[in-house]
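Q: Here you go, sequence then predicted model.
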Protein chains: 2
Amino acid sequence: MAKSRSAPTLDDVAKMAGVSTATVSRCLNSPDRVVKATRERVQSAVDALGYTPNFAARVMAAKRSFTIGAIIPTMENAIFARGLQAFQEELHQRGYTLLVSSSAYKPEIEEEQIRTLIARGADGLLLIGHDRDPEIYDFLDQRNIPALVAWSYLPDSKLPSVGFDNRAAMFDLASHVIGLGHTRIGVISARVDGNDRARLRVQGIREAVADRGLEANNLTVIETSYEIENGAKAFSDLMNATTPPTAILCGNDVLAAGALRQAQKMGLDVPGDVSITGFDDIELARIVSPALTTVHVPHREMGHKAALQLIEMVENQTAGTGEQLATRIVNRPSLGKPASG
Amino acid sequence: MAKSRSAPTLDDVAKMAGVSTATVSRCLNSPDRVVKATRERVQSAVDALGYTPNFAARVMAAKRSFTIGAIIPTMENAIFARGLQAFQEELHQRGYTLLVSSSAYKPEIEEEQIRTLIARGADGLLLIGHDRDPEIYDFLDQRNIPALVAWSYLPDSKLPSVGFDNRAAMFDLASHVIGLGHTRIGVISARVDGNDRARLRVQGIREAVADRGLEANNLTVIETSYEIENGAKAFSDLMNATTPPTAILCGNDVLAAGALRQAQKMGLDVPGDVSITGFDDIELARIVSPALTTVHVPHREMGHKAALQLIEMVENQTAGTGEQLATRIVNRPSLGKPASG
DNA sequence: ATGCAAAATGCAAGCGCTTACATATTTGCT
DNA sequence: AGCAAATATGTAAGCGCTTGCATTTTGCAT
């Protein structure tokens, strides 16, 4: 085993460069406040020693951590992974580090994670969606931690948000589907409890149904959790009804992919026998056949803008204005007119 | 804007409970060293104040961070996301937090991230693959930071590893393909530079080709980067050769999905006209049609075991033994016998 | 009651860094 | 050349916690 030399400290650098620790610190943090000759001397000491600042000490002294925390439901879902990747890239660009944790869609875990991230000195927090215990907002407020919500834009929420209008996006898609002549609609949604994105999407569908003058009983909604298999199961339940739907709107692409696979297994033609739509427009939507009609969400743009906005909130103590991003319907072969019979 | 009360400290708790900070600290960290009555008094002060320990201070004083760092090529790839999720779950279970960053497959970024994570006090590091600048190993050694490699098992490497034998796995698959009668093999690999997983997989194919007595010129290898579109492009290059391959082995499922899509676009039947195989066995492999023959990798198990092993290394100062995980070939319709003509 | 070991608690010194504030050096004028 | 203003650097006080050691309290056998 190697001899464990402990890491060089600011003090070591200062001694080697023949200056005070204050000067070394300044060299590192605001180089323009130090004259060139000194700066170079310090720099070579840093290089010679292989010095890396101790982060905890810096956080403690500066009361800033240059860390942003993000709590997402799960990393396994491509949509979060992608948005987070963009978020992280932008953060890194601006000198921040990302601390991620996932809540597995469980409110109590999310709350615990929030506390943990704050204890770790996160300068700001990225949260997904608006549904959560109000006391969390009080806590954030009291600790004065800037937080931003992504994946769901709501104009008058506790926290500013960068995202899109889940309700309107789904309203538009459902209206489009109904406009094609579909009258019996099935919905495979993610669990709506504690998930405003899912809830608003379903709501958008209900509103479109009402808006187009369809009876509410032409709509069947199944809630299930995020997994391909569950999409398949829900699909078969829906299609085994006495009067099966002619179009099935899924809460996301993954559920839609499950539905599609089940349709093939059941020997049903899509969209000949039944149309299927997704939501998110992840790669999957283009790969399955027939490719999925879905709602395109600008995940990377969202991650990117969320980072910029959150940094702005952190650095300038501003409240954050939020930003609504546009989504658009992507038409692909999985959606067609209902069979004339 | 809310009044920004700053967080309560250990001192506040101590005062409220009428004990010393040392006692409060002990209540939190080794409750059995404190008598019950005191412990309860302290606990109620903690609750009343909503006290959360300041992490940076704790790290600094204890020289332990209960943080594990992981540097993965990208979060956008489902295989890393999934393994990492399992890794994180296990870590969380054992009281550790995960610090993730992604290197975008760039060695210099990975190196920077390693330094950053260490500066942040990571108690241990999870790295992907074995290919990296030797000086990084020296650095890790010198700083005495336990590190573990995942996604690639090598018995005699600098760092212990939890993973599978990429070469053998691909050797087996290629042997199986050749055994089916294929004689002209195309390979779509990820970039092998700095990526031992990709390199070893290609090597496994070469060895199988030699082993089965095929001429090396029956093998065409294309290297490209990880994206569906690139898989599609490589596929069309491969098939436009004068004597196109009858089977195409892809370095991962994503490239295979791209190849498959391109096959459809070119009107080629899979596996009738050409067989395609993947690697990883992510969801995608089951969803595309025809479903992909691929190599199943136990990503979650890997993440899980890596966490256990790394924690063991951190807590007991042991060297880590590594563990080889088994992969298996999953036969699905994308692979068939070559056309008899 | 008394004495003693063991258990519980307190004291106080850091951990490595940032940053007011104080001091020293340089610069630009007259 | 001499002085004030501006610039560069040094001094030292924390930041909130852990922990070795000192001290007090407790439990128990005598």
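A: Good, I have the coordinates.
Q: in stretch A:306-317, what's buried?
A: The neighbour-count check on stretch A:306-317 (16 or more other Cβ atoms under 10 Å in any protein chain shown) flags A:306-314 as buried. Yep, even glycine has a C-beta here, placed from its N, CA and C like the rest.
Q: Restricted to helices, list these.
A: If you go by DSSP state H, these have A:306-314 in helices.
Q: and the gap between residue A:201 and DNA strand D?
A: Remark: distance between residue A:201 and DNA strand D (Cβ to the nearest atom of the strand, to the nearest Å) = 42 Å.
Q: Might you report the residue contacts of that residue?
A: A:166-167, A:169-170, A:189, A:251, A:279 (Cβ atoms under 8 Å, 6 or more residues apart in numbering or on different chains).
Q: Helix or strand: which one has the closest residue to residue A:222 other than its chain neighbours?
A: In this structure, residue A:222 finds its nearest non-sequential neighbour in residue A:234, 4.4 Å apart by Cβ to Cβ, 6 or more residues apart in numbering or on different chains. With elements taken from DSSP states H and E, the one containing residue A:234 is helix A:228-239.
Q: quick one: average pLDDT of that helix?
A: The pLDDT scores in helix A:228-239 average 95.
Q: now do stretch A:323-341
A: Here stretch A:323-341 scores 92 as its mean pLDDT.
Q: In it, which residues are buried?
A: Neighbour-count burial for stretch A:323-341, counted by 16+ other Cβ under 10 Å, picks out A:323, A:325, A:327, A:329-330, A:332, A:334-336, A:338.
Q: Going along the chain, name the strands of the stretch 51-200 of chain A.
A: Using DSSP state E, counting those that start in this stretch, the strands found in the stretch 51-200 of chain A span residues A:67-72, A:97-102, A:124-128, A:147-150, A:161-163, A:185-190.
Q: quick one: the last one near chain B?
A: No: contact of strand A:185-190 with chain B is not found when judged by Cβ under 8 Å from any Cβ of the partner chain; the minimum separation is 15.8 Å.
Q: what angle sits between that strand and helix A:228-239?
A: Counting by axes from the mean of the first three to the mean of the last three Cα atoms, to 10 degrees, strand A:185-190 lies at 160 degrees to helix A:228-239.
Q: Adjacent strands (with direction) for strand A:185-190?
A: With DSSP bridges as the test, strand A:185-190 is paired with strand A:219-224 (parallel), strand A:247-250 (parallel).
Q: would CSV of those strands with mean neighbour count be doable?
A: Compiled in CSV, those are given as follows (neighbours: other Cβ atoms under 10 Å in any protein chain shown):
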stretch, mean neighbour count
strand A:219-224, 18
strand A:247-250, 30
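Q: Including mean pLDDT, could those go into JSON lines?
A: Formatted as JSON lines, the strands paired with strand A:185-190 follow (pLDDT from 0 to 100):
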{"stretch": "strand A:219-224", "mean pLDDT": "96"}
{"stretch": "strand A:247-250", "mean pLDDT": "97"}
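Q: do you know which of these lies nearest residue B:160?
A: Proximity to residue B:160, assessed across the strands paired with strand A:185-190 by Cβ to Cβ, is greatest for strand A:219-224 (40.8 Å).
Q: what comes into contact with that closest one?
A: A:185-192, A:198, A:202, A:205-206, A:209, A:230-231, A:233-234, A:237-238, A:241, A:245, A:255.
Q: Could you list every helix and strand in contact with the helix-or-strand element of chain A with minimal mean pLDDT?
A: Lowest on mean pLDDT, DSSP states H and E among the helices and strands of chain A sits strand A:97-102, with a mean of 86. The contact analysis (3 or more Cβ pairs under 8 Å, 6 or more residues apart in numbering or on different chains; DSSP states H and E) places strand A:97-102 against strand A:67-72, helix A:78-93, helix A:107-119, helix B:78-93, strand B:97-102.
Q: Please produce TSV containing these, extended by distance to residue B:264 and mean neighbour count.
A: Below are those laid out as TSV (distance: least, Cβ to Cβ, whole Å; neighbours: other Cβ atoms under 10 Å in any protein chain shown):
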stretch	distance to residue B:264	mean neighbour count
strand A:67-72	34	25
helix A:78-93	22	22
helix A:107-119	42	18
helix B:78-93	22	22
strand B:97-102	32	24
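Q: Which one of these lies nearest to residue A:31?
A: Here helix A:78-93 is closest among the helices and strands packed on strand A:97-102 (Cβ to Cβ), at 19.1 Å.
Q: relative to strand A:124-128, how tilted is that closest one?
A: Interaxial angle, helix A:78-93 versus strand A:124-128 (the same axes, to 10 degrees): 170 degrees.
Q: What parts of the stretch 101-250 of chain A come near chain B?
A: Those residues of the stretch 101-250 of chain A that sit near chain B, judged by Cβ under 8 Å from any Cβ, are A:101-102, A:115-116, A:118-121, A:139, A:141-144, A:228.
Q: The same query, at a cut-off of 6 Å, please.
A: Applying Cβ under 6 Å from any Cβ of the partner chain, one finds that the stretch 101-250 of chain A approaches chain B through A:115, A:119-121, A:141-142, A:144, A:228.
Q: residue in the stretch 201-341 of chain A nearest to DNA strand C?
A: With Cβ to the nearest atom of the strand, the shortest gap between the stretch 201-341 of chain A and DNA strand C falls at residue A:315, namely 13.0 Å.
Q: Report the two of the contacts of residue A:201 separated the most.
A: Greatest spacing in these, by Cβ to Cβ: A:169 and A:189 (13.8 Å).
Q: How much space separates the residue nearest the centre of chain A from residue B:88?
A: What sits nearest the mean C-alpha location of chain A, by Cα atoms, centre = their mean, is residue A:80, with 4.3 Å. Using Cβ to Cβ, to the nearest Å, residue A:80 is found at 14 Å from residue B:88.
Q: Right, I'll call it a day here.
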